[in-house]
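>>> need a 3D model of the sequence below.
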Amino acid sequence: MQQVLSLRFLAALGAVVGLFLMLFVVFGRGESAADLTAVRPLVREVHLLEEIESARAEAFGVRPDGRTRGQLLLGLRDDREMRIVEGTFGENNCGARIVPGECAVAANLLGDAVVWFSLMRIEAGGTVIFPAIDQLDDGRALLVNGLRLPYARVLDRRCPVEFTSYREFRQVLGDRFSSVYSLEDERLVAVVCDSR
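Model prediction:
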């Protein structure tokens, strides 16, 4: 009994309990398992966002894992071409048939190579609709989905309620608004409040 309750044993037991308490204080601040495993979206710099003028697909599609199968050759303005090869990360919001003039491509590039892309529908007035802005920083807007795009010095706020500042706008609405990108201006130009 004397060996089990020795001073050395009690010191080791105290160290383990102290370490546990320290870990609980540092990491156990009431977050749920979902909070601890929540992952922010990957930040993707959009280097190019343009209307698609022509499209030639070779068994092209986007698999459930977000990678492409087949190839896609896109014609852009000024007779430029963009080739999306098999295995590229991306998304297609234009459907199975990519109609020139009705779809745009947003891309993260490494030189001429496409690292990631999104095919998106063009709305009235030559605009593309994105989700809410999370942060504004040095002429670039970080969206809640991780995309980073240029934005106009003054964003037109299209809401039934007037807000005195963008900070108040975000505090009241949270993420319940859309961002409008103008293909002509090549930047986000407006935010639109959701009707919900």
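
>>> what's opposite Glu50 in the beta bridge?
Glu50 has these beta-bridge partners by DSSP bridges: Val105.

>>> what about it, how many neighbours?
By the other C-beta atoms under 10 Å criterion, the neighbourhood of Glu50 contains 17 residues. No exception for glycine: its C-beta is placed from N, CA and C like everyone else's.

>>> kindly report the domain assignment for the chain.
7-37, 44-121, 127-193 (automatic domain parsing).

>>> direction included, what does the lengthiest strand in the chain pair against?
In the chain, taking DSSP state E as the definition, the longest strand is strand 147-158. Under the criterion DSSP bridges, strand 147-158 sits next to strand 44-45 (parallel), strand 140-143 (antiparallel), strand 187-193 (parallel) in its sheet.

>>> that one: what's the following helix or strand?
Next helix or strand after strand 147-158 toward the C-terminus (DSSP states H and E): helix 166-173.

>>> with mean pLDDT added, can I get the domains of the chain in TSV?
Conversion of the domains of the chain to TSV gives the following (pLDDT from 0 to 100):
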stretch	mean pLDDT
domain 7-37	53
domain 44-121	95
domain 127-193	92
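
>>> quick one on the thing from earlier: how far is the longest strand of the chain from where the chain is centred?
15 Å (C-alpha atoms, centre = their mean, to the nearest Å).

>>> which parts of that strand are buried?
Neighbour counts using 16 or more other C-beta atoms under 10 Å place 147-149, 151, 155, 157 of strand 147-158 among the buried residues.

>>> same check, this time on stretch 113-126
Along stretch 113-126, the positions that meet the burial threshold by neighbour count (16+ other C-beta under 10 Å) are 114, 116-120, 122.

>>> what's it in contact with?
Under the contact criterion C-beta atoms under 8 Å, 6 or more residues apart in numbering, stretch 113-126 has outside partners 44, 51-52, 82-85, 88-94, 98, 101-109, 128-129, 182-184.

>>> pull out the buried members of those.
44, 51-52, 82, 84, 88-90, 92, 94, 98, 103-108, 128, 183.

>>> mark which of the residues you listed are part of strands, please.
Using DSSP E, the subset of these located in strands is 44, 51, 82, 84, 89-90, 92, 103-108, 128.

>>> with adjacent residues omitted, what lies nearest to Leu155?
The spatially closest residue to Leu155, leaving aside those adjacent along the chain, is Val191, at 5.5 Å (C-beta to C-beta, 6 or more residues apart in numbering).
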